[in-house]
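Participant: How does the following fold in three dimensions:
(one chain, ligands or ions: 1)
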Amino acid sequence: MSQAHDGTLSVADIIQHLDNPYPLYHKLRAADPVYWDERANSWVLTRFTDVAAALRDPRYTVMGFMSDTSWIPADMRPTLEPPLRAVSRQMLFQDPPDHTRLRGLVAKAFTPRIIESLRPVIQQVADELLDQAETKGQMEMIGDFAFPLPAIIIATMLGVPPEDREQFNRWSSYFGRLLEGGDFSLEAVMEAVSEVSDFLDYFRSIIYARRAAPKEDLMQAMIDAEEQGDALSEEELLGNCILLLAAGHGTTTHLIGNGTLALLRHPDQLQLLQEQPSLVVGAVAEVLRYDSPVQITSRRAKEALQIGEKQVSAGQEVIMLLGAANHDPALFADPDQLLLARPENRHLSFGLGVHFCLGAPLARVEGEIAFSTLFKRFPHLLLATNEVEWQPGMVFRGLKQLPVSFT
Ligand code: HEM
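Facilitator: Numbering: from 1, shown residues only. Predicted structure coming up:
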């Protein structure tokens, strides 16, 4: 395996650069675009073309989420293995043909036509949240707007009580911690798995109530598929409910939070958006590219393969730095600039290939409504602080809080 670099850089250093990880990505690309990361024990791809090609390449597998359970002490196995098994049945961790079957069952609820029909509902929730903030006279963007908006919408779509959102957000963040991986203590993993287990119990009780009193929604469609026999197992049903609820709000919260921060830090671009409201579609794409809520994804090579001049062995992990691909100067002119009117914006923030984000049409509409309503209602919105704090983690990128003021 050839190494053109001195081996000192690592994606693990993102944690030290949460304020701005993009210079680190440029350094990684310059050192070696197909970088062997000693500390992560993985290849790291930073070029747009390599990341896009790998995401489409069937020679990689997504399977293997916590598939090695040898670390679990024998007495903890009965408690920890069932929740891990259910999580590993999510479509995100399945290759075709299982992936195709699972995705097909849910995809019918996420067509652009269905999502378009949700616009009035999303608009109403956005208006109500901003009414409440206006009455208070101040706003903490994340807690008051960016979090509740997508959380209420996905909960409603799934038939989960929206007022449970603080609780399911807490469980989702433990689920996110499992996805983040990294240097976990056994104790921390066990805590996260036990929280995810409570999340599964929560869905079990909702499903139980549903069997007695069916409704007409996405959750019911999945329950019916499970009841009809071999279309969906109970583990798959539970695992994918968790995926939809967690993926359906956390990342979109980051889209709205990161996007608001980016726009407030670039008043010329915000002014452009306010003067030309139709730019909002491009604005959502550009803030997704500029500061993606999901920075990293990874796959494992099923067979030996070649990327450029590098030989990847079967079984090796390949990290795809979506955030770096989105800032690759070979594809994006002035990649570190926020430019809402970019003519063609082929960002990779929703991934690519068979696992391309199922919720992308929903996230886009939520983002469009969030930004247009926010900056119309509060044309003089200002950051209340220059010091923002990012949530720790390498995979998901989002703010802890974003206090703003308005007149
Ligand atoms: C701005 C918001 C969002 C971002 C940035 C985002 C990002 C992503 C990315 C990068 C992937 C692919 C991961 C991979 O290939 O490893 C993905 C997959 C997925 N996303 Fe999203 N997502 C967002 C919103 C949503 C929403 C609102 C939902 C659901 C309502 C959702 C549901 C899913 C599902 C189910 C998958 C798995 C698809 C599959 O495996 O076939 N996402 N998302």
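Participant: Mind jotting down where the helices sit in the stretch 251-400 of the chain?
Facilitator: 267-275, 280-290, 322-325, 360-377 (DSSP state H, counting those that start in this stretch).
Participant: Backbone torsions only: list them for the residue of the stretch 251-400 of the chain found nearest the ligand.
Facilitator: Nearest to the ligand, among the residues of the stretch 251-400 of the chain, is residue 359, at 2.0 Å (CB to the nearest ligand atom). Every residue, glycine included, has its C-beta placed from N, CA and C. The phi/psi pair for residue 359 (degrees, to the nearest 10) reads phi -90, psi 10.
Participant: OK, contacts around the residue nearest to it when sequence neighbours are not counted?
Facilitator: Excluding its sequence neighbours, the residue lying closest to residue 359 (CB to CB, 6 or more residues apart in numbering) is residue 248, at 5.8 Å. Residues in contact with residue 248 (CB atoms under 8 Å, 6 or more residues apart in numbering) are 150, 153, 154, 157, 158, 359, 362.
Participant: what helix or strand is residue 248 on?
Facilitator: Take DSSP states H and E as the rule and residue 248 turns out to sit in helix 234-265.
Participant: With residue 172 instead?
Facilitator: helix 165-180.
Participant: for that helix, packing partners?
Facilitator: helix 148-158, helix 186-212, helix 234-265 (3 or more CB pairs under 8 Å, 6 or more residues apart in numbering; DSSP states H and E).
Participant: List the buried residues in it.
Facilitator: Across helix 165-180, burial judged by 16 or more other CB atoms under 10 Å covers 165, 168, 169, 171, 172, 173, 174, 175, 176, 177, 178, 179.
Participant: for stretch 382-402, same thing?
Facilitator: Neighbour-count burial for stretch 382-402, counted by 16+ other CB under 10 Å, picks out 383, 388, 390, 391, 393, 394, 395, 396, 397, 398, 399, 402.
Participant: center of the protein - which residue?
Facilitator: Central residue of the chain (CA atoms, centre = their mean): residue 251, 4.1 Å from the mean position.
Participant: where's that one relative to residue 225, distance?
Facilitator: Separation of residue 251 from residue 225 (CB to CB, to the nearest Å): 25 Å.
Participant: Same check on residue 218?
Facilitator: For residue 218, the distance to residue 225 (CB to CB) stands at 11 Å.
Participant: Contact distance from the ligand - what residues of this protein qualify?
Facilitator: Residues of the chain lying close to the ligand by CB under 6 Å from any ligand atom are 91-92, 103, 154, 243-244, 247-248, 251-252, 255, 293-294, 297, 349-351, 355, 357-359, 362-363.
Participant: can you do 5 Å?
Facilitator: Residues of the chain that fall close to the ligand, judged by CB under 5 Å from any ligand atom: 91-92, 103, 247-248, 251-252, 255, 293-294, 297, 349-351, 355, 357-359, 362-363.
Participant: Return the members of these classed as buried.
Facilitator: Taking 16+ other CB under 10 Å as the criterion, what is buried in the residues of the chain next to the ligand is 91-92, 103, 247-248, 251-252, 255, 293-294, 297, 349-351, 355, 357-359, 362-363.
Participant: for the helices and strands packed on helix 165-180, which one sits closest to residue 30?
Facilitator: helix 234-265 (24.5 Å; CB to CB).
Participant: Now do the buried residues in that closest one.
Facilitator: 235-264.
Participant: Same check on stretch 330-339?
Facilitator: Buried, per 16+ other CB under 10 Å, within stretch 330-339: 331, 332, 335, 338, 339.
Participant: and the two most separated of the residues you listed?
Facilitator: Going by CB to CB, the pair spanning the buried residues of stretch 330-339 furthest: 331 and 338, at 16.1 Å.
Participant: can you state the direction angle for the one helix or strand in the chain whose mean pLDDT sits lowest and helix 148-158?
Facilitator: Between all helices and strands in the chain, the lowest mean by mean pLDDT, DSSP states H and E belongs to helix 218-227, at a mean of 80. If you take axes from the mean of the first three to the mean of the last three CA atoms, to 10 degrees, helix 218-227 sits at 40 degrees to helix 148-158.
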